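Asks: Here is my input, please return the structure:
(one chain, ligands or ions: 1)
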Amino acid sequence: MSLIVKICGLSEPETLDAALDAGADMVGFVFFPPSPRHLSLEAARDLGRRVKDRAGKVALTVDADDATIANIVETLRPDWLQLHGRESVARIRDLKQQFGLPVMKAIPVESRDDLAAVAGYAAVADRILFDARAPKDATRPGGLGVPFDWRILEDLKLGKPFFLSGGLNAGNLAQAINIARPQGIDVSSGVERAPGVKDANMIRAFIGAARGAEASLHTATANAG
Ligand SMILES: O=C(O)c1ccccc1N[C@@H]1O[C@H](COP(=O)(O)O)[C@@H](O)[C@H]1O
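Replies: Here you go, the predicted model:
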């Protein structure tokens, strides 16, 4: 299975095109007003149409209510819901049933203790995404460009594909992948010039680094076997 690369927080056609042209597997759109990447529904409609079928579209929300999610689903027509708040296992089950979409649930990580809740979520969510736990006074629970200790995931047996995120960039990605061995990676701040301002060259460099790290890992595994 090849590494799934998700570029999140896209808000301009030019950088969306850069991600698609460089081979992003998933592109994420943020619907959370305190975020510098928050999108209006009109902008989401245009960007969503631009994706066509070139990548999976992911709608990121944080503890959003049913009506908000219904509007997003109607407008963006996402392939995935990314739930990045304190959504319970029961809420995920309910949303999957209501909208018929696969769910990626973000789990905040700071220490090994944070993995205690994962099995319950993995039983209902289609993908788990591990992100660094945001400080208590942060304006948003993710998209802060801060990594966590990837060794926490080293021996994880989840029985389900998982994504790694939090402070990834073209420079630290290979090390992160080597340690945590995720099936997918997700980035926002690491491909930005300033919060909310994506950079096409940084997107290309990130995706290039991801493909390079993936190839090295395959070679190392083949040589070891
Ligand atoms: O991107 C945001 O603004 C955001 C807002 C609220 C919740 C999550 C958000 N982004 C997600 O956070 C992680 C890590 O991002 P970063 O690379 O450290 O900036 C990633 O999964 C984004 O999808």
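
Asks: How about the spatially most central residue of the chain, nearest residue that isn't a chain neighbour?
Replies: Taking CA atoms, centre = their mean, the centroid of the chain lies closest to Asp186, which sits 4.0 Å from it. Excluding its sequence neighbours, the residue lying closest to Asp186 (CB to CB, 6 or more residues apart in numbering) is Ser165, at 3.8 Å. All C-beta atoms are positioned from the backbone trio N, CA, C, and that covers glycine.

Asks: what sits up against whichever strand or helix holds Asn201?
Replies: Here Asn201 sits within helix 200-224, counting by DSSP states H and E. Applying CB atoms under 8 Å, 6 or more residues apart in numbering, the external contacts of helix 200-224 come out as 2-3, 5, 7, 14-15, 18-19, 22-24, 168-171, 173-174, 177-178, 185, 187, 190-193.

Asks: ok, Leu83 - contacts?
Replies: Applying CB under 8 Å, 6+ apart, the residues contacting Leu83 are Thr61, Val62, Arg91, Ile92, Leu95, Val103, Met104, Lys105, Ala106, Ala125.

Asks: Kindly provide the distance from it to the ligand.
Replies: 10 Å (CB to the nearest ligand atom, to the nearest Å).

Asks: Quick check: pLDDT value at that residue.
Replies: Note for Leu83: predicted pLDDT of 98.

Asks: same deal with Val89?
Replies: The per-residue confidence score, pLDDT, reads 98 for Val89.
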